[in-house]
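Chemist: Structure of the sequence below:
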Amino acid sequence: MIEAHELTKHYGDKTAVDKITFTIAPGTVTGFLGPNGAGKSTTMRMIVGLDRPTSGTVTVNGKPYAKHRSPLTEVGVLLDAKAVHTGRSARSHLRTMAATHGISTRRVDEVIEMTGLAGVAGKRVGGFSLGMGQRLGIAAAMLGDPRTLILDEPVNGLDPEGVKWVRHLVRDLAADGRTVFLSSHLMSEMSQTADHLLVIGKGRIITSGPVQAVIDSVSGTAVRVRSPQASRLADLVRAEGATVSGEDGVLELRGLTTEQVGETAAAHGIVLHELSPQRASLEEAYMSLTQDAVEFHSEDTHHTTQEAETR
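Modeler: Numbering: from 1, shown residues only. Got it, this is the predicted structure:
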């Protein structure tokens, strides 16, 4: 479990993290989302003692990270996969880490096999691709068989097979009762991997909760209906408080559930060719939630091109 209370970090006159309070529970995968500069990396660094909070507290499994006698067996961390001696082999790097915590070489071999590094374990890390470096970083995080995993962009540089592997790995770890806290810029992947979300912007928590609840809090749920009697159905559901849009026999309704719409149609003998809930994607919800927290907005490409052509 990770618990933060009024966690704050100032760098000079800049506030990177502003009095955030949250709990990351065991048995779940919690996704950490936010634009660049939102405070994600600073928060993660404070959790594992790399940055000292200006004020507030944060604990992992009941203690500040630095108070754990054997941190690797409590918390597995991937913050910077490049923070490895490039002249060492993957096996040598992991064995050096293991030796500092009394972890057996057998466990080193296990995580090498687990992360798909067996074929390159004897090669120098400096020659690794980005994806293989990520796998080594995850192997290092798993070395102590920890109860809590903190992974910053774990799928960065991985191919589709590697992304799928990470997804299954973190889901299995959560199912085993462990705490998994990870960030990613891939919204489609986060929607498939995370149980809960913590969204941060400009150093403050914007929202948190189960993935679908976060999406629905922004967009709500619409109902798509296709019927040869659409206009009659529209009149009926408006009388029940729904808002209606659409044309040519296809309606989008808000304010009623699919069950309510179906029951209304059945009660009045209206034929339905389609009745389905329509939910926004996580990416759409994320963009809506963070639109005021983005430091740098992309310009409209068409508008920019026209301006360039007129200069």
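Chemist: Tell me who's in contact with G162.
Modeler: Contact partners of G162, counting by C-beta atoms under 8 Å, 6 or more residues apart in numbering, are G116, G131, Q134, R135, V155. Placement of C-beta: from N, CA and C, glycine included.
Chemist: ok, of those, which one's closest to T100?
Modeler: Distance to T100 across the contacts of G162 (C-beta to C-beta) is lowest for R135, with 21.1 Å.
Chemist: That closest one reaches G116, doesn't it?
Modeler: Yes. Counting by C-beta atoms under 8 Å, R135 touches G116, with 5.9 Å between them.
Chemist: Tell me which of these two has more neighbours.
Modeler: Legend: neighbour count by other C-beta atoms under 10 Å for R135 and G116, higher for R135 (26 against 16).
Chemist: Which phi and psi values does that one adopt?
Modeler: phi -60, psi -40 (degrees, to the nearest 10).
Chemist: Now do the helices in the stretch 51-200 of the chain.
Modeler: Listed in chain order, the helices found in the stretch 51-200 of the chain under DSSP state H, counting those that start in this stretch are 71-74, 90-100, 105-114, 130-142, 160-175, 187-193.
Chemist: Show the model's pLDDT score for D195.
Modeler: pLDDT, D195: 93.
Chemist: and it, how many neighbours?
Modeler: Neighbours of D195 (other C-beta under 10 Å): 15.
Chemist: The chain - how does it break down into domains?
Modeler: For the chain, the structural domains run 2-211, 221-279, going by automatic domain parsing.
Chemist: re the thing from before, deepest of the helices of the stretch 51-200 of the chain, which one?
Modeler: Most buried of these, by mean neighbour count (mean count of other C-beta atoms under 10 Å): helix 130-142, with a mean of 22.
Chemist: sec struct for D216, please.
Modeler: Classification of D216 by DSSP: H, G, I helix; E, B strand; the rest coil places it in helix.
Chemist: again, but for R224
Modeler: Judged by three-state DSSP, the three-state class of R224 is strand.
Chemist: can you pull the contacts of it?
Modeler: Residues in contact with R224 (C-beta under 8 Å, 6+ apart) are V250, L251, E252, L253, E274, L275, S276, P277, Q278.
Chemist: let's go with 6 Å and repeat that
Modeler: Residues counted as contacts of R224 (C-beta atoms under 6 Å, 6 or more residues apart in numbering) are E252, S276, Q278.
Chemist: all strands for this protein, in order.
Modeler: 2-11, 14-24, 29-33, 55-60, 75-78, 148-152, 179-183, 196-201, 204-210, 221-226, 243-247, 250-254, 274-279 (DSSP state E).
Chemist: by contact count, what packs against the fifth one?
Modeler: The one in question is strand 75-78. Contacts defined by 3 or more C-beta pairs under 6 Å, 6 or more residues apart in numbering; DSSP states H and E place strand 75-78 against helix 130-142, strand 148-152.
Chemist: so which of the ones you listed comes closest to T43?
Modeler: T43 lies closest to strand 148-152 among the helices and strands packed on strand 75-78, at 9.9 Å (C-beta to C-beta).
Chemist: I'd like to know which elements that closest one is packed against.
Modeler: strand 75-78, strand 179-183.
Chemist: quick one: it to helix 160-175, angle?
Modeler: 150 degrees (axes from the mean of the first three to the mean of the last three C-alpha atoms, to 10 degrees).
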